[in-house]
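>>> Predicted model, plus sequence, below.
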Amino acid sequence: MQNIITPKTEDPRQQDLYWQGHWYYSLELEPGEFTPGFDHGNVFLTRSALKNVPVAGLSCLDIGCMEGLISILLSRRGAARIVAYDRIPQPEKVDYVRQKLRAEFDYRSGFPLSRLADKVSEIFDLVVFSGVYYHMFDPLAGLLRARSFLRNGGIMLIETAAVMSDEVCNYFNSSGRFYAWQNYWFPSLAALDYQLRFCRLKPLDVFYFKQESKAQGLQLCRVCIPCLAVSDVPADLSDTWIADDYSGDFSELIDWTRLQSDRLTVGYQTKNQGLIMRADSGGIDVYQSAINQPQTIASDPLNNVRLTLSAKY
Ligand SMILES: C[S@@+](CC[C@H](N)C(=O)[O-])C[C@H]1O[C@@H](n2cnc3c(N)ncnc32)[C@H](O)[C@@H]1O
């Protein structure tokens, strides 16, 4: 299958323009005919987590949707409403895919995440924030912005590159020591756990696989963490710092009051064995849970990174 967009640049440093000219995903549009994208292992983690969410009837926001693989899956599983957003504008490709696959989602693109609230006023039952965090130079702000679209009682799936460490720290990608292209901060699993709680997200589960990188002594991984949006900070009782009322400082990023909801808590059911719960703060200990269980392995590696015509998960 040919690209339907003329490539504007071959320079990977101009990533946004690059993706307007190339397919990101391999999507089956006709039997056996795939768009000329790439195999992205990370999306398999997000898909694994998504299996555990009862998507039918939910309102969903897919942040960083590219050509819409996740949104297509949400549509196939009967989501009531889907908003697919990306700062990279690719309307021709997305229109083509939506029409070919009869997927129903509302596509918004071409502006930064910081302006999404100007365009989308509603809050959602499910927010997918997959493959975006480590691209942001201000990831904690990005996480709070993503959280600002999720009602309390809803589920967030966050997927990112991370460092398998229990030291609470974000590693900077100086000299591209982890990855090339526009990637800035790689959180340790412990830092991600803490930042999620800071954003009133209780980690429920973990999917991961290890990745090679040039960074000496630091084990890189991809990780997806399904979280429940809660009204209070799910912190250890001894941690008085995290529960300080800092919310005024972030009022331009999030308004906690509008996230209250009477709707039922979205269910989440995992089959993962060996998750380690945190005694007083609730939810799982992300680092301990990850090292206590095997990597998430695709049973059908090719079809788990591509999207086949019949795939619902
Ligand atoms: C690796 S792709 C992930 C695509 C998809 N969500 C997935 O998991 O397969 C990275 C996505 O992050 C988005 N992105 C990168 N930097 C961003 C930023 N600073 N603000 C908002 N989105 C950003 C890109 O537009 C792109 O959609």
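Sure, I can see it.

>>> and the residue of the stretch 151-300 of the chain found nearest the ligand, what are its phi and psi?
For the stretch 151-300 of the chain, the residue closest to the ligand is Glu159, as judged by C-beta to the nearest ligand atom, at 5.7 Å. C-beta coordinates here come from the backbone N, C-alpha and C atoms, glycine included. Main-chain dihedrals, Glu159, degrees, to the nearest 10: phi -130, psi 140.

>>> same question, the one 3 residues further on
Reported as degrees, to the nearest 10, the phi and psi values for Ala162 are phi -160, psi 170.

>>> Would you agree it is in contact with Gln219?
No - Ala162 lies out of contact with Gln219 (C-beta atoms under 8 Å); the separation is 9.7 Å.

>>> Looking at the two now, which is surrounded by more residues?
Ala162 (29 against 14; other C-beta atoms under 10 Å).

>>> Name the SS class of the residue lying closest to that one once chain neighbours are set aside, please.
Leaving out its chain neighbours, the residue that sits closest to Ala162 by C-beta to C-beta, 6 or more residues apart in numbering is Val223, at 4.9 Å. On the three-state scheme (DSSP: H, G, I helix; E, B strand; the rest coil), Val223 is labelled strand.

>>> Low-confidence regions, the stretch 201-313 of the chain specifically.
245-247, 301 (pLDDT under 70).

>>> Neighbours of the residue lying closest to Leu201 once chain neighbours are set aside, how many?
Leaving out its chain neighbours, the residue that sits closest to Leu201 by C-beta to C-beta, 6+ apart is Cys227, at 3.8 Å. When neighbours are defined as other C-beta under 10 Å, Cys227 has 30 of them.

>>> go on, Asp280?
Neighbour count of Asp280, defined by other C-beta under 10 Å: 10.

>>> Can you tell me the closest non-neighbouring residue to it?
Counting by C-beta to C-beta, 6+ apart, Asp280 lies nearest to Leu237, which is 4.9 Å off, once chain neighbours are set aside.

>>> Check whether the one you found really touches Ala279, as I assumed.
No - here Leu237 does not reach Ala279: they are 9.3 Å apart, not a contact under C-beta under 8 Å.

>>> tell me the pLDDT at the closest residue to the ligand within the stretch 51-200 of the chain?
Closest to the ligand within the stretch 51-200 of the chain is Gly131: 2.8 Å, counting by C-beta to the nearest ligand atom. According to the prediction, Gly131 has pLDDT 97.

>>> So which residues of this protein form helices?
Ranges of helices in the chain, per DSSP state H, are 15-21, 42-50, 69-76, 91-101, 116-119, 139-147, 189-198, 286-291, 301-305.

>>> Make JSON lines from the ones you listed and add distance to Val266 and mean neighbour count to it.
Shown next, in JSON lines, are these (distance: least, C-beta to C-beta, whole Å; neighbours: other C-beta atoms under 10 Å):
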{"stretch": "helix 15-21", "distance to Val266": "31", "mean neighbour count": "17"}
{"stretch": "helix 42-50", "distance to Val266": "12", "mean neighbour count": "24"}
{"stretch": "helix 69-76", "distance to Val266": "13", "mean neighbour count": "25"}
{"stretch": "helix 91-101", "distance to Val266": "25", "mean neighbour count": "16"}
{"stretch": "helix 116-119", "distance to Val266": "21", "mean neighbour count": "14"}
{"stretch": "helix 139-147", "distance to Val266": "15", "mean neighbour count": "22"}
{"stretch": "helix 189-198", "distance to Val266": "16", "mean neighbour count": "23"}
{"stretch": "helix 286-291", "distance to Val266": "20", "mean neighbour count": "23"}
{"stretch": "helix 301-305", "distance to Val266": "24", "mean neighbour count": "16"}
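
>>> For Arg108, which of these is the nearest?
helix 116-119 (5.6 Å; C-beta to C-beta).
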